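Trainee: Here is the input, now give the coordinates:
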Amino acid sequence: MKHLELLTERYPQLSNCKKQIENAVTTIVTSYRNGGKILLCGNGGSASDCEHISGELLKGFLSKRTIGNEEYPLLSVTAKQKLQKGIPSIPLTSLTSLISAFSNDVDAEWTYAQLVFALGKQSDVLIGLSTSGNAKNVVRAAETAKALGLTAIALTGAKDSLLSAVCDNTICVPETETFKVQELHLPVYHTICAEVENILF
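Mentor: Coordinates of the predicted model:
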């Protein structure tokens, strides 16, 4: 994985995360090939990261992901020139009307869990971002994902956490302060998106 090698050259402190990053790439590729989608959740800066990750997956990232002339015969020539192949992904953080309604009417801690329950299926992947690994609403989402048969991936900081205990694969970057964890999450998820794109397109 060339992008992963570049990552660890640029950020040697992430070398211990290589196996977990490889596993995340494989999980997302497998999900896509099985007709699955990616669900993402987090809070604050991590919510913004969810939007960022989806942006890299839903359209071309490092390549244009062009549509071949023989593909999608009902699309016009112009459409094939303009559109790019995407990996289905939903930042649950962007569903603000549901989030506000469920938080007000039921329980904010279970908001992301409700969205996973409503949208998730077995071929899907949940990616939960939490710098502490203990964000209750992200943990509840991961627990729900596991109960429904989804694969759950976490991006956290260095410490063991509630999220790492629940998820199938946890990428623990070697920092504990919130902003420092977030600074390392970005190159990690860029690398994941680049490797997934390289394999699929």
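Trainee: quick one: contacts for N43?
Mentor: N43 makes contacts with S130, A135, N137, V138, as judged by CB atoms under 8 Å, 6 or more residues apart in numbering. C-betas here are computed from N, CA, C, even on glycine.
Trainee: Among these, which ones are in helices?
Mentor: When these are checked against helices (DSSP state H), the matches are N137, V138.
Trainee: so which of the contacts of N43 would you say is closest to G157?
Mentor: Checking those against G157 by CB to CB gives S130 as the nearest, at 8.3 Å.
Trainee: correct me, but the closest one touches G44?
Mentor: No: at 9.8 Å, S130 does not count as touching G44 under the criterion of CB atoms under 8 Å.
Trainee: Can you pick out the residue with more neighbours from those two?
Mentor: Taking neighbours as other CB atoms under 10 Å, S130 and G44 compare with S130 leading, 26 against 14.
Trainee: who's in contact with the closest residue in space to that one that isn't next to it in sequence?
Mentor: Distances taken as CB to CB, 6 or more residues apart in numbering put V138 closest to S130, at 4.8 Å, once the chain neighbours are dropped. Neighbour list for V138: C41, G42, N43, Y112, G128, L129, S130, A154, L163 [criterion: CB under 8 Å, 6+ apart].
Trainee: Just give the number of residues close to K19.
Mentor: 10.
Trainee: same question, L98
Mentor: Neighbour tally, L98, other CB under 10 Å: 14.
Trainee: Please identify the helix or strand for it.
Mentor: Using DSSP states H and E, L98 sits in helix 96-102.
Trainee: list the buried ones in that helix?
Mentor: I99, F102 (16 or more other CB atoms under 10 Å).
Trainee: ok now it, how far from the chain's centre?
Mentor: 21 Å (CA atoms, centre = their mean, to the nearest Å).
Trainee: for that helix, packing partners?
Mentor: Counting contacts by 3 or more CB pairs under 8 Å, 6 or more residues apart in numbering; DSSP states H and E, helix 96-102 is packed against helix 111-119.
Trainee: If you count neighbours, what's buried in the helix it packs on?
Mentor: Within helix 111-119, judged by 16+ other CB under 10 Å, the buried ones are T111, Y112, A113, Q114, L115, V116.
Trainee: what do you get for stretch 16-30?
Mentor: C17, K18, Q20, I21, N23, A24, V25, T27, I28, V29.
Trainee: C172 and L57, how far apart?
Mentor: In this view, C172 and L57 are 22 Å apart by CB to CB, to the nearest Å.
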